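Participant: with the sequence up front, the predicted model follows.
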Amino acid sequence: MSVLTGLIKAEHLLGGVMIKAEFNEEDHPRDENGKFTESGGGGKDIVKTEAIFPVTDDIPDFRAYKEEIKMNAMVSQLVATQSTLNMNGVKEKISNKSKRGGIEVIADGNRYLILDGHHSAAAAKLSGDMFVLVHIIGTTQGVKS
């Protein structure tokens, strides 16, 4: 198996929508089966996301919007889709709010499923923020399951 390093530009087909992501592979190590390990970014500061947010690995089909909708959502309505968080990244975003990136979500009833921005969302919640700016890229409304 080859080891990927450097800046990776990934495209994932998620809910019928191509999601583009860019990350440094060295910060996200994988095991021999290609799955992300929990030791990314130093290992000792990795926590289970469920300690901060409810978590689901069941991302329903959704209808993508032509343009994302930006709005403030209640932090209590966010649901994570990532099982672990590197607390070093969260702490950095707590201490420097300007480092918080956009939080991309899917609207699913009265909750928002986080697709990207888990560390920023966790920083907002741990800072006591009641609301956070989200970028809604799609909805499950009107999609047959």
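Facilitator: Arrived safely. Numbering: from 1, shown residues only.
Participant: now do the helices in the protein.
Facilitator: 87-95, 118-126 (DSSP state H).
Participant: and those as CSV, adding mean neighbour count and mean pLDDT?
Facilitator: Yep, even glycine has a C-beta here, placed from its N, CA and C like the rest. Below are the helices of the chain laid out as CSV (neighbours: other C-beta atoms under 10 Å; pLDDT from 0 to 100):
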stretch, mean neighbour count, mean pLDDT
helix 87-95, 17, 89
helix 118-126, 23, 93
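Participant: include distance to residue 73 when you put those into a markdown table, please.
Facilitator: Shown next, in a markdown table, are the helices of the chain (distance: least, C-beta to C-beta, whole Å):
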| stretch | distance to residue 73 |
| --- | --- |
| helix 87-95 | 17 |
| helix 118-126 | 10 |
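Participant: figure out which of those helices is closest to residue 106.
Facilitator: helix 118-126 (13.6 Å; C-beta to C-beta).
Participant: between that closest one and helix 87-95, how big is the angle?
Facilitator: If you take axes from the mean of the first three to the mean of the last three C-alpha atoms, to 10 degrees, helix 118-126 sits at 60 degrees to helix 87-95.
Participant: residues contacting helix 118-126, please?
Facilitator: Residues from elsewhere that reach helix 118-126 (C-beta atoms under 8 Å, 6 or more residues apart in numbering): 49, 52-53, 75, 78, 80-82, 85-86, 89-91, 93-94, 97, 100-103, 114, 132.
Participant: right, I'll leave it there.
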